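Participant: Sequence plus predicted model, see below.
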Amino acid sequence: MARSTIVPRTTDPPPAARAHGKAVRKRTPRAAHALWEPPHDRGDPIALLERDDDDRLTELLPIRYKRMSASPFAFYRGAASIMASDLQSTASTGIHTQICGDAHLANFGAFATPERRVVFDVNDFDETTVGCWDYDLKRLCASVVILAQTRTFRKRIADDAVLACARTYRERMATFARMSVLDVWYARIDEAVLEEAAPGAIDAASGVHDPSRASQHLYAHVADASDGTPKIVDRPPLVFHPQDAAAFVSLVRDAFARYKRSLSFERRELINRFTFEDAAYKVVGVGSVGTRCAVALLLAGPQDPLFLQVKEARESVYARYGARTACKNEGERVVVGQRAMQATSDLFLGWTRAKDGRMYYVRQLRDVKTGVDLEKIAADELAPYASLCGWALARAHAKAGGNAAAIAGYLGSSAAFDEAMVSFARAYAKQNERDYRELLAAIASGRITT
């Protein structure tokens, strides 16, 4: 699995940056990251989730909480705001880069590049911001233990997978620190590496592997043109037109027109070959349920469709704790973060603001997306897959922030940080379990409706 798609040119890493990373160890020893104890003033985790519900579609909130109540791992997926709050009381290096903000095992996957190659990468950026790299790695490592416990894997399996994830992140970051800037920028992980890591859990149903047929496949399953007017087929409660469908479609159509301004000239010319036909709400994910997320149908011809996801972009959960962005539009924040971190991004990625003032980002829907079905992953596949995610996260951090040398200098060549991540992940998994039980109690009491 230690296979790269490029042969890097090695360079001497900036000595000042590496020295800075080493100096940070004196202020924040690597072993300090092992600790997690809830602070005495830790707030009610359910109240944080309820705060997330502000301005969401209330009729969809029961779906959100039903999905979160399915397991501790499902809860963790929807509870980025809780961990963002908790991370403020943990040890941190203060070395910044662009972070995903929600780096757990389910937020990695494979997708088609504009050149129609399939790559493996981070694929969720709703919470992206400039922040401490260790926040992302802690969330990723904790997710490994939580998934292992949800799947009832042995403790040793979980620990080994966390070690593999943290070790790969550290070793890959050291490699990126020695590579030229352009080689880091062009580095990518192809789908073959994913297939080596977890061949038994590849989710073949999540996408069509022939890029030329992906949109046609989707069109055949979610649209209907039998009356001569192409429409998205309602499948409530997950795909539906709201009561005032005409006003909703008009709102999305207007936002779509504004979105085109965020594209480069040649991509704007491409999108102009398609005609906007219809839009409907589409419930996605776990943490995003209740936010306004639409699927838009465009056609360049009777059998030449394009589906775009128009997803509401709300303030990052890290903004509550001082994270700042130069972007004035939250949709732009998501797009800029995604373009910075991914090896290559969606051809149609852009942002917009609707007439009602809400901000959105736009991307192609299901463009040959493939991933690992975490409900099927075998115990012996967990460590290789966690290692692959650690590799992808290191590449994203190195590309986006240019601080690979400082991070590598801090991590060093020993396993001190890797072992700290095992202890942290174990402790935070216990915290997540307690919070999950509080959600179940809130549902049982009627405070939360499912």
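Facilitator: Great, that's in hand.
Participant: tell me the contacts of residue 67?
Facilitator: Neighbouring residues of residue 67 by Cβ atoms under 8 Å, 6 or more residues apart in numbering: 74, 78, 286, 289. Where C-beta positions appear, they are placed from N, C-alpha and C, glycine not excepted.
Participant: Repeat the analysis, applying 6 Å as the threshold.
Facilitator: 74, 286 (Cβ atoms under 6 Å, 6 or more residues apart in numbering).
Participant: Report whether it is found in a helix, as I expect.
Facilitator: Yes - applying DSSP: H, G, I helix; E, B strand; the rest coil, one finds residue 67 inside a helix.
Participant: domains of this structure?
Facilitator: Using automatic domain parsing, the domain parsing of the chain gives 15-205+371-445, 212-364.
Participant: For the shortest one, the averaged confidence score.
Facilitator: I take that to be domain 212-364. Per-residue pLDDT over domain 212-364 has a mean of 92.
Participant: How far off centre is that domain?
Facilitator: Here domain 212-364 is found 17 Å from its chain centre; the criterion is Cα atoms, centre = their mean, to the nearest Å.
Participant: Excluding chain neighbours, what is closest to residue 258?
Facilitator: residue 352 (4.5 Å; Cβ to Cβ, 6 or more residues apart in numbering).
Participant: ok, the strand or helix carrying residue 280: who's next to it in the sheet?
Facilitator: Using DSSP states H and E, residue 280 falls within strand 275-282. Counting by DSSP bridges, the strands paired with strand 275-282 are strand 239-240 (antiparallel), strand 293-299 (antiparallel).
Participant: Now do residue 337 against residue 290, distance only.
Facilitator: According to Cβ to Cβ, to the nearest Å, residue 337 and residue 290 sit 22 Å apart.
Participant: Between the two, which is the more surrounded one?
Facilitator: Remark: of residue 337 and residue 290, residue 337 carries more neighbours, 27 against 21, as counted by other Cβ atoms under 10 Å.
Participant: dump the residue contacts of the closest residue to the more buried one other than its chain neighbours.
Facilitator: Leaving aside its sequence neighbours, residue 337 sits nearest to residue 128 (Cβ to Cβ, 6+ apart; 3.1 Å). Each residue near residue 128 by Cβ under 6 Å, 6+ apart is listed here: 100-101, 337.
Participant: what do you get if the cut-off is 10 Å, keeping everything else the same?
Facilitator: By Cβ atoms under 10 Å, 6 or more residues apart in numbering, the residues touching residue 128 are 98-103, 122, 136, 316, 318, 323, 325, 333-338, 340-341, 400.
Participant: Phi first, then psi, for it.
Facilitator: phi -60, psi 150 (degrees, to the nearest 10).
Participant: Which positions within stretch 219-226 qualify as buried?
Facilitator: Within stretch 219-226, the residues scored as buried using 16 or more other Cβ atoms under 10 Å are 219, 222-223.
Participant: Residue 61: which of those is nearest?
Facilitator: residue 222 (24.2 Å; Cβ to Cβ).
Participant: can you tell me how far that closest one sits from residue 139?
Facilitator: For residue 222, the distance to residue 139 - Cβ to Cβ - is 32 Å.
Participant: same check, this time on residue 22
Facilitator: For residue 22, the distance to residue 139 equals 25 Å [Cβ to Cβ].
Participant: The two: which has the busier surroundings?
Facilitator: Higher neighbour count among residue 22 and residue 139: residue 139, with 27 against 14, using other Cβ under 10 Å.
Participant: which one is that one nearest to, not counting chain neighbours?
Facilitator: Ranked by Cβ to Cβ, 6+ apart and with sequence neighbours excluded, the top spatial neighbour of residue 139 is residue 103, at 5.1 Å.
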